[in-house]
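[1] Okay, sequence plus prediction incoming.
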Amino acid sequence: MSHQSAFRILSYNIWFDLFEMERRMEAIGTIVCRRNPDFIAFQEVTKTNLQLLMKQDWFSTYQTTRTRYDFRYFTVILSKKRIDSEERKAFDNSTMARDLLSIDTSISLSDHVTVPLTVATSHLESLPDYTFQREQQLAESLGHLASRQNVVFTGDMNIENKIDGQVHVPAPWCDAWPVVNGLMPEENGHTWNPRINTMIPRRATQPNRLDRMFVSLSDFTVKRAELVGNEPFDGDLFPSDHFGLLVEFEAFTNGLKGKSEFKIENISNSRRPGLFERPPNWKKYIG
(Lines give C-alpha, C1' and ligand atoms only; values in the text may rest on other atoms or scores of the structure.)
Protein backbone atom coordinates (compact mmCIF):
# COMPACT_ATOMS: atom_id res chain seq x y z
CA MET A 1 0.00 0.00 0.00
CA SER A 2 1.36 3.40 -0.94
CA HIS A 3 1.69 6.03 1.78
CA GLN A 4 0.82 9.70 1.62
CA SER A 5 0.85 12.51 4.12
CA ALA A 6 -1.31 14.90 2.10
CA PHE A 7 -4.39 14.87 -0.12
CA ARG A 8 -6.45 17.30 -2.18
CA ILE A 9 -10.20 17.72 -2.53
CA LEU A 10 -11.86 19.63 -5.37
CA SER A 11 -15.45 20.81 -4.99
CA TYR A 12 -17.12 22.13 -8.12
CA ASN A 13 -20.65 23.02 -9.19
CA ILE A 14 -20.26 22.22 -12.89
CA TRP A 15 -23.56 23.84 -14.01
CA PHE A 16 -26.34 21.83 -15.59
CA ASP A 17 -26.91 24.33 -18.41
CA LEU A 18 -26.41 23.06 -21.96
CA PHE A 19 -24.64 26.27 -23.00
CA GLU A 20 -21.23 25.28 -24.45
CA MET A 21 -21.42 22.18 -22.27
CA GLU A 22 -18.98 20.05 -24.25
CA ARG A 23 -16.29 22.73 -24.25
CA ARG A 24 -16.92 23.57 -20.61
CA MET A 25 -16.55 19.93 -19.56
CA GLU A 26 -13.28 19.76 -21.48
CA ALA A 27 -12.11 22.80 -19.53
CA ILE A 28 -13.09 21.17 -16.24
CA GLY A 29 -11.19 18.06 -17.29
CA THR A 30 -8.13 20.20 -17.93
CA ILE A 31 -8.40 21.63 -14.40
CA VAL A 32 -8.63 18.12 -12.95
CA CYS A 33 -5.56 16.96 -14.87
CA ARG A 34 -3.53 20.00 -13.82
CA ARG A 35 -4.54 19.94 -10.16
CA ASN A 36 -4.72 16.16 -9.74
CA PRO A 37 -7.09 16.07 -6.75
CA ASP A 38 -7.43 12.84 -4.79
CA PHE A 39 -11.17 13.41 -4.37
CA ILE A 40 -13.68 15.39 -6.41
CA ALA A 41 -17.15 16.49 -5.33
CA PHE A 42 -19.27 17.60 -8.27
CA GLN A 43 -22.67 19.29 -7.97
CA GLU A 44 -25.28 19.94 -10.68
CA VAL A 45 -24.25 16.74 -12.42
CA THR A 46 -26.56 15.62 -15.22
CA LYS A 47 -26.60 12.54 -17.40
CA THR A 48 -25.27 14.67 -20.25
CA ASN A 49 -22.35 16.42 -18.56
CA LEU A 50 -21.36 13.24 -16.71
CA GLN A 51 -21.15 11.31 -19.96
CA LEU A 52 -18.93 14.03 -21.41
CA LEU A 53 -16.61 13.80 -18.40
CA MET A 54 -16.54 9.99 -18.54
CA LYS A 55 -15.17 10.12 -22.08
CA GLN A 56 -12.03 11.91 -20.88
CA ASP A 57 -8.93 9.84 -20.09
CA TRP A 58 -8.52 11.06 -16.52
CA PHE A 59 -11.96 9.86 -15.45
CA SER A 60 -10.97 6.18 -15.39
CA THR A 61 -8.39 6.87 -12.67
CA TYR A 62 -11.21 7.53 -10.19
CA GLN A 63 -13.85 5.41 -8.53
CA THR A 64 -17.30 6.99 -8.76
CA THR A 65 -20.33 6.95 -6.51
CA ARG A 66 -23.61 5.67 -7.87
CA THR A 67 -25.54 8.13 -9.99
CA ARG A 68 -29.20 9.06 -9.67
CA TYR A 69 -31.05 9.88 -12.86
CA ASP A 70 -34.42 10.28 -11.13
CA PHE A 71 -33.90 14.03 -10.90
CA ARG A 72 -32.70 16.71 -13.27
CA TYR A 73 -29.32 16.99 -11.55
CA PHE A 74 -27.49 15.45 -8.61
CA THR A 75 -24.14 15.16 -6.83
CA VAL A 76 -21.25 12.76 -7.45
CA ILE A 77 -18.03 12.00 -5.58
CA LEU A 78 -14.93 10.71 -7.38
CA SER A 79 -12.12 9.07 -5.44
CA LYS A 80 -8.62 7.88 -6.28
CA LYS A 81 -8.77 5.91 -3.04
CA ARG A 82 -10.82 2.78 -2.64
CA ILE A 83 -14.38 3.60 -1.62
CA ASP A 84 -15.17 1.31 1.29
CA SER A 85 -18.79 2.46 1.58
CA GLU A 86 -21.08 5.18 0.34
CA GLU A 87 -24.35 6.66 1.55
CA ARG A 88 -26.92 9.00 0.03
CA LYS A 89 -29.26 10.49 2.63
CA ALA A 90 -32.23 12.53 1.43
CA PHE A 91 -33.23 15.71 3.24
CA ASP A 92 -36.81 15.44 4.47
CA ASN A 93 -37.38 19.20 4.16
CA SER A 94 -36.18 19.52 0.56
CA THR A 95 -38.52 20.45 -2.27
CA MET A 96 -35.61 20.20 -4.74
CA ALA A 97 -34.58 16.57 -4.12
CA ARG A 98 -31.41 17.66 -2.29
CA ASP A 99 -29.44 15.13 -0.26
CA LEU A 100 -26.19 14.36 1.56
CA LEU A 101 -23.76 12.08 -0.28
CA SER A 102 -20.77 10.63 1.58
CA ILE A 103 -18.04 8.05 1.12
CA ASP A 104 -15.81 6.31 3.62
CA THR A 105 -12.21 5.57 2.70
CA SER A 106 -8.81 5.59 4.40
CA ILE A 107 -5.39 7.18 4.11
CA SER A 108 -2.22 5.18 4.80
CA LEU A 109 0.25 7.45 6.59
CA SER A 110 2.89 4.74 7.18
CA ASP A 111 3.35 0.98 7.34
CA HIS A 112 1.69 0.95 10.73
CA VAL A 113 -0.75 3.88 10.60
CA THR A 114 -3.90 4.01 8.49
CA VAL A 115 -6.60 6.51 9.36
CA PRO A 116 -10.23 6.75 8.22
CA LEU A 117 -11.48 9.60 6.06
CA THR A 118 -15.04 10.56 5.15
CA VAL A 119 -15.68 12.85 2.19
CA ALA A 120 -19.20 14.24 1.85
CA THR A 121 -20.96 16.68 -0.43
CA SER A 122 -24.30 18.33 -0.93
CA HIS A 123 -26.08 20.99 -2.92
CA LEU A 124 -28.14 22.72 -0.25
CA GLU A 125 -31.54 24.25 -1.00
CA SER A 126 -31.30 27.15 -3.43
CA LEU A 127 -32.90 30.61 -3.58
CA PRO A 128 -33.52 33.28 -0.93
CA ASP A 129 -36.89 31.98 0.30
CA TYR A 130 -35.32 28.70 1.45
CA THR A 131 -32.88 30.09 3.99
CA PHE A 132 -34.36 28.10 6.88
CA GLN A 133 -34.39 24.87 4.89
CA ARG A 134 -30.78 25.54 3.92
CA GLU A 135 -29.80 26.09 7.56
CA GLN A 136 -31.59 22.92 8.65
CA GLN A 137 -29.88 20.88 5.93
CA LEU A 138 -26.47 22.18 6.96
CA ALA A 139 -27.18 21.37 10.61
CA GLU A 140 -28.45 17.91 9.71
CA SER A 141 -25.37 17.20 7.60
CA LEU A 142 -22.89 18.32 10.25
CA GLY A 143 -24.73 16.34 12.90
CA HIS A 144 -24.89 13.19 10.78
CA LEU A 145 -21.16 13.32 10.05
CA ALA A 146 -19.96 14.54 13.46
CA SER A 147 -18.92 11.16 14.85
CA ARG A 148 -16.35 10.49 12.11
CA GLN A 149 -12.65 10.72 12.96
CA ASN A 150 -11.70 12.74 9.87
CA VAL A 151 -14.45 14.25 7.76
CA VAL A 152 -14.68 16.86 5.03
CA PHE A 153 -18.11 18.18 4.05
CA THR A 154 -18.07 20.30 0.92
CA GLY A 155 -20.30 21.54 -1.86
CA ASP A 156 -22.57 24.29 -3.08
CA MET A 157 -24.01 25.49 0.22
CA ASN A 158 -25.91 28.37 -1.44
CA ILE A 159 -25.03 30.61 1.51
CA GLU A 160 -25.79 34.24 0.64
CA ASN A 161 -24.33 37.00 2.80
CA LYS A 162 -27.31 39.34 2.53
CA ILE A 163 -29.80 36.63 3.58
CA ASP A 164 -28.05 33.88 5.53
CA GLY A 165 -25.36 36.12 7.00
CA GLN A 166 -22.44 34.78 9.01
CA VAL A 167 -22.28 31.03 9.54
CA HIS A 168 -21.38 29.63 12.97
CA VAL A 169 -20.64 25.93 12.77
CA PRO A 170 -20.36 23.96 16.03
CA ALA A 171 -16.90 23.03 17.26
CA PRO A 172 -14.88 21.09 16.25
CA TRP A 173 -16.15 21.91 12.75
CA CYS A 174 -14.59 24.84 10.92
CA ASP A 175 -14.68 26.50 7.53
CA ALA A 176 -11.49 25.66 5.60
CA TRP A 177 -11.21 28.92 3.64
CA PRO A 178 -10.75 31.37 6.55
CA VAL A 179 -8.57 28.84 8.39
CA VAL A 180 -5.79 29.34 5.88
CA ASN A 181 -6.74 32.63 4.20
CA GLY A 182 -7.94 34.64 7.19
CA LEU A 183 -11.26 36.27 7.89
CA MET A 184 -10.60 39.56 6.08
CA PRO A 185 -10.13 38.50 2.42
CA GLU A 186 -13.65 37.06 2.16
CA GLU A 187 -13.96 38.36 -1.40
CA ASN A 188 -11.00 36.23 -2.47
CA GLY A 189 -13.11 33.16 -1.75
CA HIS A 190 -16.15 34.19 -3.78
CA THR A 191 -17.04 31.19 -5.92
CA TRP A 192 -20.06 33.04 -7.31
CA ASN A 193 -18.88 36.31 -8.80
CA PRO A 194 -20.99 38.04 -11.47
CA ARG A 195 -18.43 40.85 -11.63
CA ILE A 196 -15.97 38.42 -13.21
CA ASN A 197 -17.84 35.37 -14.48
CA THR A 198 -19.71 36.03 -17.71
CA MET A 199 -21.68 32.78 -17.32
CA ILE A 200 -23.79 34.45 -14.61
CA PRO A 201 -26.82 36.52 -15.68
CA ARG A 202 -26.26 40.25 -15.41
CA ARG A 203 -29.22 40.61 -13.02
CA ALA A 204 -27.18 38.80 -10.35
CA THR A 205 -24.93 41.47 -8.90
CA GLN A 206 -23.63 40.40 -5.49
CA PRO A 207 -20.66 38.04 -5.20
CA ASN A 208 -20.90 35.29 -2.59
CA ARG A 209 -18.87 32.43 -1.17
CA LEU A 210 -21.59 29.93 -2.08
CA ASP A 211 -19.24 26.95 -2.16
CA ARG A 212 -17.57 25.95 1.10
CA MET A 213 -15.62 23.17 2.72
CA PHE A 214 -16.33 22.38 6.37
CA VAL A 215 -13.88 20.09 8.14
CA SER A 216 -13.62 18.16 11.39
CA LEU A 217 -10.23 16.45 11.51
CA SER A 218 -8.17 14.52 14.04
CA ASP A 219 -5.20 13.48 11.90
CA PHE A 220 -4.91 16.25 9.29
CA THR A 221 -4.75 20.01 9.04
CA VAL A 222 -5.80 22.39 6.27
CA LYS A 223 -2.71 23.46 4.35
CA ARG A 224 -3.98 25.51 1.41
CA ALA A 225 -7.25 26.63 -0.17
CA GLU A 226 -7.66 28.23 -3.57
CA LEU A 227 -10.18 28.87 -6.32
CA VAL A 228 -9.96 27.16 -9.70
CA GLY A 229 -11.79 27.85 -12.94
CA ASN A 230 -11.82 31.55 -12.06
CA GLU A 231 -10.34 32.61 -15.39
CA PRO A 232 -11.88 32.22 -18.86
CA PHE A 233 -10.52 29.32 -20.88
CA ASP A 234 -11.48 30.80 -24.26
CA GLY A 235 -12.55 34.37 -24.88
CA ASP A 236 -15.13 35.08 -22.21
CA LEU A 237 -16.10 31.43 -21.59
CA PHE A 238 -15.73 30.03 -18.07
CA PRO A 239 -16.02 26.32 -17.19
CA SER A 240 -19.11 26.97 -15.02
CA ASP A 241 -21.17 29.74 -13.47
CA HIS A 242 -19.35 28.81 -10.22
CA PHE A 243 -15.65 28.73 -9.52
CA GLY A 244 -14.28 25.52 -8.05
CA LEU A 245 -12.78 25.21 -4.58
CA LEU A 246 -9.56 23.21 -4.17
CA VAL A 247 -8.29 22.48 -0.66
CA GLU A 248 -5.11 20.63 0.30
CA PHE A 249 -4.71 18.78 3.59
CA GLU A 250 -1.62 17.38 5.27
CA ALA A 251 -1.08 15.01 8.17
CA PHE A 252 -0.08 16.43 11.53
CA THR A 253 3.64 16.18 12.26
CA ASN A 254 5.83 16.45 15.37
CA GLY A 255 3.03 15.14 17.54
CA LEU A 256 0.75 18.09 16.79
CA LYS A 257 -2.72 16.66 16.36
CA GLY A 258 -6.19 17.02 17.75
CA LYS A 259 -9.45 18.58 16.70
CA SER A 260 -9.01 21.46 19.13
CA GLU A 261 -6.42 22.91 16.73
CA PHE A 262 -9.29 23.94 14.45
CA LYS A 263 -11.27 25.94 16.98
CA ILE A 264 -10.88 29.47 15.68
CA GLU A 265 -12.72 32.47 17.09
CA ASN A 266 -15.61 33.66 14.94
CA ILE A 267 -15.47 30.53 12.81
CA SER A 268 -16.60 27.84 15.23
CA ASN A 269 -19.18 28.68 17.87
CA SER A 270 -21.12 25.85 19.48
CA ARG A 271 -23.11 28.09 21.84
CA ARG A 272 -25.44 29.59 19.22
CA PRO A 273 -28.87 27.94 18.83
CA GLY A 274 -28.72 28.33 15.05
CA LEU A 275 -26.01 28.24 12.40
CA PHE A 276 -26.95 31.39 10.48
CA GLU A 277 -26.56 34.85 11.99
CA ARG A 278 -28.83 36.68 9.56
CA PRO A 279 -28.27 40.40 9.03
CA PRO A 280 -30.93 42.86 10.29
CA ASN A 281 -32.46 43.54 6.86
CA TRP A 282 -32.47 39.96 5.52
CA LYS A 283 -36.27 39.68 5.31
CA LYS A 284 -36.55 42.29 2.57
CA TYR A 285 -34.95 39.80 0.13
CA ILE A 286 -37.53 37.10 0.88
CA GLY A 287 -40.72 36.58 -1.10
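    It's in. Numbering: from 1, shown residues only.
[2] what's the next secondary structure element after the helix or strand of the chain with the lowest mean pLDDT?
    Lowest on mean pLDDT, DSSP states H and E among the helices and strands of the chain sits helix 176-181, with a mean of 89. Per DSSP states H and E, the first helix or strand lying C-terminal to helix 176-181 is strand 211-217.
[3] Toward the C-terminus, what is the element adjacent to that next one?
    Past strand 211-217, the next helix or strand by DSSP H and E is strand 220-228.
[4] Show me which residues of the least confident helix or strand of the chain are buried.
    176-179, 181 (16 or more other C-beta atoms under 10 Å). For glycine as for every other residue, the C-beta is placed from the backbone atoms N, C-alpha and C.
[5] and if you look at stretch 223-236?
    Result for stretch 223-236 [16+ other C-beta under 10 Å]: buried residues 223, 225-230, 233.
[6] Now tell me what touches it from outside.
    Residues outside stretch 223-236 that contact it (C-beta atoms under 8 Å, 6 or more residues apart in numbering) are 6, 10, 12, 23, 27-28, 30-31, 35, 176-177, 179-181, 188-189, 191, 193, 196-198, 213, 238-240, 242-250.
[7] Only whichever of the residues you listed are buried, select them in ChimeraX.
    With 16+ other C-beta under 10 Å as the burial test, the buried ones among those are selected in ChimeraX as follows:
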select :10,12,27,28,31,176,177,179,181,189,191,193,197,213,238,239,240,242,243,244,245,246,247,248,249
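[8] related to what we said a few turns ago, could the buried residues of helix 176-181 be laid out in JSON lines, adding distance to residue 69?
    Shown next, in JSON lines, are the buried residues of helix 176-181 (distance: C-beta to C-beta, whole Å):
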{"residue": "176", "distance to residue 69": "31"}
{"residue": "177", "distance to residue 69": "32"}
{"residue": "178", "distance to residue 69": "37"}
{"residue": "179", "distance to residue 69": "36"}
{"residue": "181", "distance to residue 69": "37"}
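[9] mind listing the strands for this protein?
    Here the chain has its strands, by DSSP state E, at 6-13, 39-45, 63-64, 74-79, 85-90, 99-108, 114-123, 150-156, 166-167, 174-175, 211-217, 220-228, 244-251, 276-277.
[10] residues of stretch 121-136 that come out buried?
    Of the residues in stretch 121-136, 121-125, 128, 130-131, 133-136 count as buried by neighbour count, 16+ other C-beta under 10 Å.
[11] Setting aside sequence neighbours, what's the nearest residue to residue 141?
    Excluding its sequence neighbours, the residue lying closest to residue 141 (C-beta to C-beta, 6 or more residues apart in numbering) is residue 100, at 4.9 Å.
[12] Run through the bridge partners of the one you found.
    residue 89, residue 122 (DSSP bridges).
[13] Surely it touches residue 142?
    No: taking contacts as C-beta atoms under 8 Å, residue 100 lies outside contact range of residue 142: 9.9 Å.
[14] So for the two, which sits in the more crowded spot?
    Neighbour count, other C-beta atoms under 10 Å: between residue 100 and residue 142, residue 100 has more, with 24 against 19.
[15] Give me the distance between that one and residue 19.
    According to C-beta to C-beta, to the nearest Å, residue 100 stands 29 Å off from residue 19.
[16] returning to what we had before: for residue 286, find the nearest of the strands of the chain.
    strand 276-277 (13.1 Å; C-beta to C-beta).
[17] hmm, back to that, I'd like the strands of the chain as TSV, with distance to residue 57 and mean pLDDT appended.
    Compiled in TSV, the strands of the chain are given as follows (distance: least, C-beta to C-beta, whole Å; pLDDT from 0 to 100):
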stretch	distance to residue 57	mean pLDDT
strand 6-13	17	97
strand 39-45	15	98
strand 63-64	15	98
strand 74-79	14	98
strand 85-90	24	98
strand 99-108	23	97
strand 114-123	23	97
strand 150-156	25	98
strand 166-167	38	93
strand 174-175	34	94
strand 211-217	26	97
strand 220-228	19	95
strand 244-251	20	97
strand 276-277	42	94
